[in-house]
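Participant: Quick check, what structure comes out for this input:
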Amino acid sequence: MKVGTRELKNRLSYYLRRVREGEELYVTDHGKVIARVQPVAPPKRSEAEILRRLAERGDITAGRGRPQDFVPVRLRRKISASRMVIEDRG
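Facilitator: So this is what the prediction gives:
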């Protein structure tokens, strides 16, 4: 979203609230962009939201199970997963 310096000054709280919600703000002076205001940290998303976006982009194929049913694998031995693969390959 673009906003002029005068408008930004007059409604600073409003625009900062929009930035806090994740929007980037481009500040203009006489129609020329002079600054960008962006959130300090990206908005937090749930794992389900991240998986959904990856599937929409075609980066992954979503399974049919529910993400909340996923249980991470716990390794019993204190070695890296790559070391386990190497050992398994013999």
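Participant: Are we agreed that residue 3 is in a strand?
Facilitator: Yes. Counting by DSSP: H, G, I helix; E, B strand; the rest coil, residue 3 is part of a strand.
Participant: Which strand residues bridge it?
Facilitator: Residue 3 has the following beta-bridge partners by DSSP bridges: residue 27.
Participant: Residue 12: what's it in contact with?
Facilitator: Contact analysis of residue 12 by Cβ atoms under 8 Å, 6 or more residues apart in numbering lists nothing. C-beta coordinates here come from the backbone N, C-alpha and C atoms, glycine included.
Participant: Backbone torsions only: list them for it.
Facilitator: Main-chain torsions, residue 12, degrees, to the nearest 10: phi -50, psi -50.
Participant: do the same with residue 37
Facilitator: Per-residue torsions, residue 37: phi -110, psi 130 (degrees, to the nearest 10).
Participant: Surely it is in contact with residue 24?
Facilitator: Yes. With contacts counted by Cβ atoms under 8 Å, residue 37 reaches residue 24, the gap being 7.1 Å.
Participant: Neighbour count: these two, which is higher?
Facilitator: Using other Cβ atoms under 10 Å, the more surrounded residue of residue 37 and residue 24 is residue 37, with 16 against 11.
Participant: which one is the more buried one nearest to, not counting chain neighbours?
Facilitator: When the adjacent residues along the chain are set aside, residue 37 lies closest to residue 25, with 4.2 Å between them (Cβ to Cβ, 6 or more residues apart in numbering).
Participant: quick check, residue 33 in a helix?
Facilitator: No. The assignment for residue 33, made by three-state DSSP, is strand rather than a helix.
Participant: Help me confirm that it comes into contact with residue 5.
Facilitator: No. Using Cβ under 8 Å, residue 33 is not in contact with residue 5; the gap is 11.2 Å.
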